[in-house]
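A.B. asks: only geometry, no sequence info:
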Ligand SMILES: C[S@@+](CC[C@H](N)C(=O)[O-])C[C@H]1O[C@@H](n2cnc3c(N)ncnc32)[C@H](O)[C@@H]1O
């Protein structure tokens, strides 16, 4: 059978992360913090669905592109330039997303950052996280912190884990890497109790 390839070289914004779509199974409204939003495909999707979204990234050029897109599409997003490892929000959120972004932090920053993400989530609220795992090996995959088996899940022992899996994703290609690649990731959707 021929494998389907997701082609992010065409329009990466049109392809919303399946993990972001899953939120709609559990919540229809509320506040969302998207950590490491990039150019905001998931923030725009959730904003369009009526969530109050704060989109955060440490790269100004990505946020500038997102600001333009949000304006064009008339989606009211709050855009925040910050480092997710040190960010201290003034309030709690109903949903905190960190999709393919946490593994860019250093080993020493992971436990403390996840602890704080959990603190600034409201009781009954969700954390939705996807990270790359140690199964991604080789020079092409230099991430500061690749997660061990069950490591991500382990941080959420005192929460209700609604969905968790560790899987190889579908093949995809990007502008930076036009040859097709596949990434192994851990995906978590958990509720604060
Ligand atoms: C692979 S992209 C994922 C973007 C988006 N979450 C998505 O799913 O399309 C990772 C993003 O994390 C951001 N990032 C990496 N380290 C960060 C940090 N310490 N604080 C905030 N953003 C960070 C990068 O700038 C980049 O935009």
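C.D. replies: Sure, I can see it. Bear in mind the structure is a predicted one, so any value in this text is a computation, not a measurement. Numbering: from 1, shown residues only.
A.B. asks: Can the helix or strand residue 42 falls within be said to contact the ligand?
C.D. replies: In the assignment (DSSP states H and E), residue 42 maps to helix 41-48. Yes: with Cβ under 6 Å from any ligand atom as the measure, helix 41-48 is seen reaching the ligand through 41-42. C-betas here are computed from N, CA, C, even on glycine.
A.B. asks: From the rest of the structure, what touches that helix?
C.D. replies: 12-17, 19-21, 23, 32, 34, 37, 53, 55, 66, 69-70, 73, 75-77, 95, 97, 99 (Cβ atoms under 8 Å, 6 or more residues apart in numbering).
A.B. asks: neighbours around residue 109, how many?
C.D. replies: 17 (other Cβ atoms under 10 Å).
A.B. asks: That one belongs to a helix, doesn't it?
C.D. replies: Yes: counting by DSSP: H, G, I helix; E, B strand; the rest coil, one finds residue 109 located in a helix.
A.B. asks: Would you mind identifying the helix or strand in the chain with the lowest mean pLDDT?
C.D. replies: Ranked by mean pLDDT, DSSP states H and E, the weakest helix or strand in the chain is helix 8-11, scoring a mean of 61.
A.B. asks: Can you name the element that comes right after it?
C.D. replies: helix 18-26.
A.B. asks: Now do that following helix: which elements does it pack against?
C.D. replies: helix 41-48, strand 93-99, strand 121-132, strand 184-191 (3 or more Cβ pairs under 8 Å, 6 or more residues apart in numbering; DSSP states H and E).
A.B. asks: Buried residues in stretch 27-36, which are they?
C.D. replies: Residues of stretch 27-36 classed as buried: 27, 30-36 (neighbour count, 16 or more other Cβ atoms under 10 Å).
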